[in-house]
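Asks: With the input below, show me the fold.
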Amino acid sequence: MKKSILMMAVVAMIAAGMTACGEKNPYPGYEKTQNGLYYQFYNQNAGELPQPKDLMEVGISCTVNDTAVVIPVTDNVMQLMESQFAGDLFEGLAMMHKGDSASFIVNIDSTFMKLMGQPTLPEGFTSTDVMRFNVRLDDFYPESEYAQHLAAKVKKTTDERIAKMKEEHAEETAAAAQQLAEYLAKNKITAEPTESGLIYVMTQEGNGEKPEVGKMVKVHYTGKLLDGTVFDSSVERGEPISIPIGVGQVIPGWDEGIQLMSKGEKGVLYIPYYLAYGDRQAGEKIVPFSNLVFDVELVDFE
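Replies: The predicted model follows:
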């Protein structure tokens, strides 16, 4: 009986060895998930894992056969989605912690056609090619919190840029401040500026809530120089502009000013040059260090 058990054990070990040989890893250093994703961690931390729909700040690149660059090294924001096919990149991203760096080898056919929306593989690529993603996960946030995080990040960067600009262009800053002060006095505008220096005067009350950071707002506007020259107007085009507010997609004076308004409200924004286009030329009419005036209407937001 003992001899029989021993023989069975030996046979099992040989079979296991044959199976292992039959499944020889084609990518040394990589491990394989049950879904067929090959992965290798270069730096692996502990802690929480990202959840579907979380927004991930990543450094990412993608190559085919380690030579053809599909995605160059890029800092980007990706939303973690449910896997689109077994062993896809999203499976790998869901395995990462904050601060991790890893490499993932994925099925090239499915990645191009299911994730990248291509009808076929691009010319020059075949289904046997090795598609490799290298990823560094800097941080991740729930979708509901990301706008606030981004707004804080944008504000910090903006404040630093403004402080540097004022220091480097002290003479121009003083001249622009004098021009704006004279304009306000001449037009009998006595509203107090915000901490940043922005001045907002409401001309028609709204009847709704104020937009939160990250909301898509619809705004009608007419932009003018202090001498009254109009440089842009959505009113003339007959279509309000739609933008996310508070996340750095528009000039700082707009990011701050539009959030002061409620739905349906109209008003005027008096924007110091450093909350507008700063020391840059913008189009033909806005020269560096230009203070700007905007007639604005918050049509809607969602």
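Asks: Return the list of helices and strands in contact with the helix or strand A163 falls within.
Replies: When elements are assigned from DSSP states H and E, A163 belongs to helix 143-168. Helix 143-168 sits against helix 252-257, with contacts defined as 3 or more CB pairs under 8 Å, 6 or more residues apart in numbering; DSSP states H and E. Just so you know, the C-beta spots here come from the backbone N, C-alpha and C atoms, and that holds for glycine as well.
Asks: Packing partners of the helix or strand that the helix it packs on is followed by?
Replies: Using DSSP H and E, the helix or strand that follows helix 252-257 in sequence is strand 266-271. Judged by 3+ CB pairs under 8 Å, 6+ apart, strand 266-271 is in contact with helix 170-186, strand 199-204, helix 252-257, strand 292-301.
Asks: most tightly surrounded among those?
Replies: Comparing these by mean neighbour count (mean count of other CB atoms under 10 Å), helix 252-257 comes out on top with a mean of 24.
Asks: which residues are in contact with that helix?
Replies: Contact with helix 252-257 is made by 154, 158, 162, 194, 196, 198, 200, 245-249, 269, 271-272, 274-276, 292, 294, 296, as judged by CB atoms under 8 Å, 6 or more residues apart in numbering.
Asks: redo that, cut-off 6 Å
Replies: Residues outside helix 252-257 that contact it (CB atoms under 6 Å, 6 or more residues apart in numbering) are 158, 198, 200, 246, 269, 271, 275-276.
Asks: End to end on stretch 100-114, go ahead and measure it.
Replies: 26 Å (CA to CA, to the nearest Å).
Asks: Of all the residues in that stretch, which ones are buried?
Replies: 100-113 (16 or more other CB atoms under 10 Å).
Asks: ok now that stretch, how far from the chain's centre?
Replies: 22 Å (CA atoms, centre = their mean, to the nearest Å).
Asks: which outside residues touch that stretch?
Replies: Residues lying outside stretch 100-114 but in contact with it, judged by CB under 6 Å, 6+ apart, are 27, 38-45, 84-85, 89, 92, 118, 121, 127, 129, 131-137.
Asks: Report the contact partners of the residue nearest the centre of the chain.
Replies: Here the mean C-alpha position of the chain is nearest to the C-alpha of V77 (CA atoms, centre = their mean), at a distance of 4.8 Å. V77 makes contact with 55, 57 under the criterion CB under 6 Å, 6+ apart.
Asks: Can you tell me the element it falls in?
Replies: strand 68-79.
Asks: same thing with E195?
Replies: Following DSSP H and E, one finds E195 outside all helices and strands.
Asks: How about I243?
Replies: With DSSP H and E as the test, I243 turns up in strand 241-244.
Asks: related to what we said a few turns ago, got JSON lines for the buried residues of stretch 100-114, with secondary structure too?
Replies: Shown next, in JSON lines, are the buried residues of stretch 100-114 (DSSP: H, G, I helix; E, B strand; the rest coil):
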{"residue": "D100", "secondary structure": "coil"}
{"residue": "S101", "secondary structure": "strand"}
{"residue": "A102", "secondary structure": "strand"}
{"residue": "S103", "secondary structure": "strand"}
{"residue": "F104", "secondary structure": "strand"}
{"residue": "I105", "secondary structure": "strand"}
{"residue": "V106", "secondary structure": "strand"}
{"residue": "N107", "secondary structure": "coil"}
{"residue": "I108", "secondary structure": "helix"}
{"residue": "D109", "secondary structure": "helix"}
{"residue": "S110", "secondary structure": "helix"}
{"residue": "T111", "secondary structure": "helix"}
{"residue": "F112", "secondary structure": "helix"}
{"residue": "M113", "secondary structure": "helix"}
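Asks: For the residues you listed, give me a markdown table that also has pLDDT.
Replies: What follows is the buried residues of stretch 100-114, written out as a markdown table (pLDDT from 0 to 100):
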| residue | pLDDT |
| --- | --- |
| D100 | 98 |
| S101 | 98 |
| A102 | 98 |
| S103 | 98 |
| F104 | 98 |
| I105 | 96 |
| V106 | 94 |
| N107 | 92 |
| I108 | 92 |
| D109 | 91 |
| S110 | 91 |
| T111 | 92 |
| F112 | 91 |
| M113 | 90 |
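Asks: Who does F301 form a beta bridge with?
Replies: With DSSP bridges applied, F301 shows beta-bridge pairing to V217.
Asks: gap between it and K114?
Replies: Per CB to CB, to the nearest Å, F301 is found 34 Å from K114.
Asks: Out of the contacts of stretch 100-114, which sit inside strands?
Replies: 38-43, 131-137 (DSSP state E).
Asks: between the buried residues of stretch 100-114, which is closest to T33?
Replies: F104 (9.8 Å; CB to CB).
Asks: Dig out what that closest one forms beta bridges with.
Replies: Applying DSSP bridges to F104 gives these bridge partners: Y39, F133.
Asks: Alright, that wraps it up for me.
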